[in-house]
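Undergrad: Fold the stuff below for me.
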Amino acid sequence: MIDLTHVAPTEAIKIIIGASSQNYPGWIQTQEDELNLLQRRDWEQSFGDARKADVILAEHVWEHLTYEEGVEAARICYDFLNDGGYIRCAVPDGFFQNEWYQNMVQIGGPGPKDHPAASHKIVHTYISLTRMFEEAGFKVRLLEYCDEGGRFHYREWDPQGGFIYRSYRYDHRNKEGNLGFVSLIADAVKE
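TA: Okay, the predicted model is just below:
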């Protein structure tokens, strides 16, 4: 359960799911043991009937869920978002044509069981991620993604609306026009 008592009634509620060390002014950090994407009860206890979130930020979280779990998590988030609110979701991109990258993000991860990628259950493409969020009722705006031919697509987005480090503009591995690490990034909007 997260504590929202410090958030003024007129203030936007912006939540980071699986925040780890991410800490941005005006955003509420959460970890899985406080606000589990798959536990509706966690959300009910945190929000009650009166409050809803405006933005949910999830950078490299949804790949730790199966497709079906991803749909269920998206449905729960949908119910606890205000109209016009959104999930900014970034996941590894299954269409990024880089052998090292695909080895790192593969299902089950690249090596030891304690590696963060060891719990990857899916490698999304823009097709599967869009379909997953649409099944939960969202309208999806793709911000960064690779298509079936490996071509990278980018739509300008505001980092104040949810900062994604592992992105075209901000990841240190992307230098001088060369892509070293990308994410599939989308805003799933509750209309």
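Undergrad: Go through the protein and flag its longest strand.
TA: In the chain, taking DSSP state E as the definition, the longest strand is strand 81-91.
Undergrad: Would you mind pulling up the elements that it packs against?
TA: strand 53-59, helix 126-135, strand 184-189 (3 or more C-beta pairs under 8 Å, 6 or more residues apart in numbering; DSSP states H and E). C-beta: built from backbone N, CA, C; applies to glycine.
Undergrad: angle of the last one against helix 126-135?
TA: Computed with axes from the mean of the first three to the mean of the last three C-alpha atoms, to 10 degrees, the direction of strand 184-189 lies at 20 degrees from that of helix 126-135.
Undergrad: Show me what strand 184-189 packs onto, helices and strands only.
TA: Using 3+ C-beta pairs under 8 Å, 6+ apart, strand 184-189 is in contact with strand 81-91, helix 126-135, strand 139-146.
Undergrad: Most tightly packed of the ones you listed?
TA: strand 81-91 (a mean of 22; mean count of other C-beta atoms under 10 Å).
Undergrad: after that one comes which helix or strand?
TA: helix 99-105 (DSSP states H and E).
Undergrad: For that next one, which residues meet the burial criterion?
TA: Buried residues in helix 99-105, counted by 16 or more other C-beta atoms under 10 Å: 101-102, 104-105.
Undergrad: coming back round to it: redo the helices and strands packed on strand 81-91 as CSV? Include distance to Ala74 and mean pLDDT.
TA: Formatted as CSV, the helices and strands packed on strand 81-91 follow (distance: least, C-beta to C-beta, whole Å; pLDDT from 0 to 100):
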stretch, distance to Ala74, mean pLDDT
strand 53-59, 10, 98
helix 126-135, 5, 98
strand 184-189, 7, 98
